[in-house]
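Participant: sequence first, then the predicted structure:
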Amino acid sequence: MLHTQEYYQQMPHDSRNPSHWHALFLDKSIPFNPDAKAAFLYDSSTRSRQFLYPVIKAFARLSIVLMQIFKIFVPNLINAPKMLHKSLYWGMKYFITPEANFLILRHFYLGSEVLRFIKDNVRGAENIPMNPLKPTKVGDVRDNLFLEHDLNLYNFIINLNKAIDEKGVKVRKQETPDFSAISATPIPFENFRHRWTNFIDLGTAIEIFTPVYQFFLTDADFWRATNSLQLDEVIGIYAATIMDCPEKLTALNNKHPMIPLPMAGAAFRLLLHGFSTEVLHALLVQAKLEQQRQAA
């Protein structure tokens, strides 16, 4: 069973023993889809996150350091993205929680919508190529989903800025933004497997997946993938410029990619990357609904 907003809405409140997760769910300081927020908080409150995560984190980060030393000498020995995504699919389907799978697939879906929103609101960028990723089931991961997501971010920024330079335009505030790319309704995901083996939370899963990602890719591919996590700030600046709301960038805190962060912390930055995407997309959904209310 996927825990959605009803789980926290129905949670009783004990003033002598208040729930940390209940308080965060009810907090409205940042925009966040209620079902995604409930899934994120429930997943973070599991015993897996409390007890397994610290142990896995230590071994995973040691593995990253050792693998980096190994790849100094043979940086291109292994390049198997298909095998990587089969491994990720297997781990996602059989071992991680439904909430974690829900959040992972949402991330790809929302990321594609945010990029399309920016394209639709930059004059001169109409013809740049796009590769939208909108998975609805865990099996879609096998189509090199993670790798394609990283490539999409880089290709979008390069193609967008090439178009801007060629046509002498720039990203600017839009008085009436085009929100047609942004979905305000639930994403039609297939049901996620929920057996006794599906107990690993999102944070722990990402710590495990990161050295696996590193193992199956060349050193250059892994380096590019980890650095892509900091592109949140670039994408956020584009969207905030279009919306004229720079103050809303406070929740996008993966640091600017011109100063790359160490690879050992890539798993935690991946969590921030997903969090930032959820906040930015929720901000756009709020603005879209407000625009519709004003038009009505």
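Facilitator: Everything's here; your move.

Participant: wait, doesn't Gly139 sit right on Tyr89?
Facilitator: Yes - using Cβ atoms under 8 Å, Gly139 is in contact with Tyr89, at 6.7 Å. All C-beta spots, glycine's among them, are computed from the backbone N, C-alpha and C.

Participant: which of these two has more residues huddled nearby?
Facilitator: More crowded of Gly139 and Tyr89, by other Cβ atoms under 10 Å: Tyr89, with 17 against 12.

Participant: list the contacts for the more buried one?
Facilitator: Val138, Gly139, Val141, Arg142 (Cβ atoms under 8 Å, 6 or more residues apart in numbering).

Participant: quick check: the second one vs Thr176, distance?
Facilitator: Distance, Gly139 to Thr176, using Cβ to Cβ, to the nearest Å: 39 Å.

Participant: check the first one too.
Facilitator: When Cβ to Cβ is applied, the distance between Val138 and Thr176 equals 38 Å.

Participant: higher neighbour count, these two?
Facilitator: Per other Cβ under 10 Å, whichever of Val138 and Thr176 has more neighbours is Val138, with 24 against 9.

Participant: and the biggest helix by length in the chain, what does it pack onto?
Facilitator: Counting by DSSP state H, the longest helix found in the chain is helix 266-295. Under the contact criterion of 3 or more Cβ pairs under 8 Å, 6 or more residues apart in numbering; DSSP states H and E, helix 266-295 touches helix 34-44, helix 53-73, helix 98-120, helix 202-216, helix 232-243.

Participant: give me the distance between the two termini of stretch 70-78.
Facilitator: Criterion Cα to Cα, to the nearest Å; first-to-last residue distance in stretch 70-78 is 11 Å.

Participant: any idea of the mean pLDDT for it?
Facilitator: Taken as a whole, stretch 70-78 carries a mean pLDDT of 92.

Participant: which of the residues in that stretch are classified as buried?
Facilitator: Using 16 or more other Cβ atoms under 10 Å as the test for burial, stretch 70-78 gives Lys71, Pro75, Ile78.

Participant: show residues contacting it.
Facilitator: Applying Cβ under 8 Å, 6+ apart, the set of residues contacting stretch 70-78 is Gln214, Phe215, Phe216, Leu217, Thr218, Asp219, Ala220.

Participant: most surrounded residue in these?
Facilitator: Gln214 (26 neighbours).

Participant: quick one, what contacts that one?
Facilitator: For Gln214, the contacting residues are Ser63, Ile64, Met67, Gln68, Lys71, Phe222, Met263, by Cβ under 8 Å, 6+ apart.

Participant: turn these into a markdown table, columns for distance to Asn155.
Facilitator: A markdown table is the format used below for the contacts of Gln214 (distance: Cβ to Cβ, whole Å):
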| residue | distance to Asn155 |
| --- | --- |
| Ser63 | 30 |
| Ile64 | 26 |
| Met67 | 27 |
| Gln68 | 26 |
| Lys71 | 25 |
| Phe222 | 18 |
| Met263 | 22 |
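
Participant: switch the buried residues of stretch 70-78 over to JSON lines; also include distance to Phe102.
Facilitator: Below are the buried residues of stretch 70-78 laid out as JSON lines (distance: Cβ to Cβ, whole Å):
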{"residue": "Lys71", "distance to Phe102": "33"}
{"residue": "Pro75", "distance to Phe102": "35"}
{"residue": "Ile78", "distance to Phe102": "31"}
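
Participant: out of those residues, which is nearest to Phe209?
Facilitator: Closest approach to Phe209 among the buried residues of stretch 70-78 (Cβ to Cβ): Ile78, at 16.0 Å.
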